[in-house]
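Student: got a predicted model here, sequence first, then my questions.
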2 protein chains.
Amino acid sequence: MRLAELSRRSGVSTATIKYYLREGLLPPGRQVNATKAEYDEEHLRRLRLVRAMIQVGKVPVATVREVLGHVDDEDLGRTIRLGAALWALPQVPEPDEDDEYVRAAQREVLALLDRLGWENTRQLTTISPAYRSLVVAVAAFRRLGYGFGAELLAPYAELMYRTAVLDLDHMEGYASDAERIEFAVLGAILNEPVLQALHRLAQEEETARRYGFE
Amino acid sequence: MRLAELSRRSGVSTATIKYYLREGLLPPGRQVNATKAEYDEEHLRRLRLVRAMIQVGKVPVATVREVLGHVDDEDLGRTIRLGAALWALPQVPEPDEDDEYVRAAQREVLALLDRLGWENTRQLTTISPAYRSLVVAVAAFRRLGYGFGAELLAPYAELMYRTAVLDLDHMEGYASDAERIEFAVLGAILNEPVLQALHRLAQEEETARRYGFE
């Protein structure tokens, strides 16, 4: 398809598409003559991903370029390729290890991982942004005077594990590794608001079931 | 306890506590003489909640006052009291009903609720911010060219329902209705980052289990 059709089908203006091409966020089209290039379904897919990262995820252009570099790096193993793409997305800052609440939260989260038998994650704690986010969130609770121990967290973690199994089953429905990793990146940006809204709806439903509307 | 001890135990400065007292976010202490007042455990609990809403949830002071008004309103039934407190928290804006993606998302979400048999929630769709958030999130996916139908969403919704059952079981561990509703408000602000981090950790664990580190 030509640029105009790529624009129509993606809902992204031709000026913005040209900007993405210049910034290397979109691979160049196949040049048909000096002024015209041809684009395919892969361009459309990539354009949607770029737009989701920039417009919905508010990811800076330089970070989008870095994430896409990992998505396209076929030399990496699948776990590392997926990790590298997701870890390049904006993350919480490094927690302050001198803070007593942070240290207590670290102990709590490590006890949780042991209890769950999440041995792979246990090995990744020094590099995983998800581990860091959990430590920061648990430390915030502690600082406000609320404990959030391994016993309380474990059943939540088990449900989130089942959610992750659904995510990966769904991801495996895609044909190529690049598509699968694109889906995972997109999920990291767009799934959270969907899950959060479903959780709140479920709380409403269960509250009404337990206590009625009186 | 005196103001100084309330400050020490909560980690909130005396100047900030005085500001909260002036703004009516904290009930006045028991006056022991012209210049001294006595505070109790209930003040400490309320102070922690106010601080969580303002510092972590970035909730404006006027909204905090509104939420607390519902928390303390014993004339409301429990479901409505809980709903009113949670619904007063900042929410996504009303979706644009003229937008074709929004209308498609509304149909999809209603089909999902029917499929799940969430009849209580089905009755609340005109007023529920959680319903609105889900419509907005599903419409954002659609606008980017990704469908997110009831069939795909239903297993996620079932897991979120089980998460909500844990939330309510935990809430029922508190003795008074006011404490329970405080816990729910706190949960709405602080639980999301914990669940999100657990979900991402679970994705890492399951990815490594399926594909190893090669």
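Tutor: The structure has been received and is ready for your questions. Numbers count the residues shown, from 1 in each chain, chains lettered A, B, ... in the order given.

Student: rest of the way, CA atoms for contacts and neighbours
Tutor: OK.

Student: who touches whatever helix or strand residue A:138 lives in?
Tutor: Taking DSSP states H and E as the criterion, residue A:138 maps to helix A:129-143. For helix A:129-143, contacts defined as CA atoms under 8 Å, 6 or more residues apart in numbering or on different chains pick out A:87, A:91-92, A:94-95, A:101-102, A:104-106, A:109, A:125, A:147-148, B:190, B:193-194, B:197-198, B:200-201.

Student: quick check: next helix or strand after it?
Tutor: Next along the chain from helix A:129-143, counting by DSSP H and E, comes helix A:150-171.

Student: buried set for that next one?
Tutor: A:150, A:153-154, A:156-168, A:171 (16 or more other CA atoms under 10 Å in any protein chain shown).

Student: quick one: contacts for the most centrally placed residue in chain A?
Tutor: By CA atoms, centre = their mean, chain A has its centre lying nearest to residue A:188, at 1.9 Å. Shown in contact with residue A:188 (CA under 8 Å, 6+ apart): residue A:86.

Student: could you redo the last one with a cut-off of 10 Å?
Tutor: A:53, A:57, A:86, A:89, A:182, B:196, B:200 (CA atoms under 10 Å, 6 or more residues apart in numbering or on different chains).

Student: in TSV, list these along with secondary structure, pLDDT and neighbour count.
Tutor: TSV is the format used below for the contacts of residue A:188 (DSSP: H, G, I helix; E, B strand; the rest coil; pLDDT from 0 to 100; neighbours: other CA atoms under 10 Å in any protein chain shown):
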residue	secondary structure	pLDDT	neighbour count
A:53	helix	85	23
A:57	coil	78	16
A:86	helix	76	24
A:89	coil	75	19
A:182	helix	81	25
B:196	helix	87	20
B:200	helix	88	23
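
Student: closest one of those residues to residue B:49?
Tutor: Closest to residue B:49 out of the contacts of residue A:188 is residue B:196 (21.4 Å), distances taken as CA to CA.

Student: my guess is residue A:85 contacts residue A:72. True?
Tutor: Yes: counting by CA atoms under 10 Å, residue A:85 touches residue A:72, with 9.3 Å between them.

Student: identify the contacts common to those two.
Tutor: A:181-182.

Student: before we move on, back to that, look up the pLDDT of the residue nearest to the centre of chain A for me, please.
Tutor: You'll see residue A:188 listed with a pLDDT of 78.

Student: drop anything exposed from the contacts of helix A:129-143.
Tutor: Among the contacts of helix A:129-143, the ones that count as buried by 16+ other CA under 10 Å are A:87, A:101-102, A:105-106, A:109, A:125, A:148, B:190, B:193-194, B:197-198, B:200-201.

Student: what about residue A:85 and residue A:72, which has more around it?
Tutor: residue A:85 (24 against 16; other CA atoms under 10 Å in any protein chain shown).

Student: is it true that that one lies in a helix?
Tutor: Yes: using DSSP: H, G, I helix; E, B strand; the rest coil, the assignment for residue A:85 is a helix.

Student: quick check: which element contains the residue lying closest to it once chain neighbours are set aside?
Tutor: Of all residues not flanking residue A:85 in the chain, residue A:67 sits nearest, at 4.7 Å (CA to CA, 6 or more residues apart in numbering or on different chains). Using DSSP H and E, residue A:67 sits in helix A:61-71.

Student: picking up where we left off before, name the element the residue nearest to the centre of chain A belongs to?
Tutor: Assigned by DSSP H and E, residue A:188 belongs to helix A:177-211.

Student: circling back to that earlier point, count of residues packed around the residue nearest to residue A:85?
Tutor: Look at residue A:67: counted by other CA under 10 Å, it has 23 neighbours.

Student: per-residue pLDDT of it, please?
Tutor: Residue A:67 carries a pLDDT score of 86 in this model.
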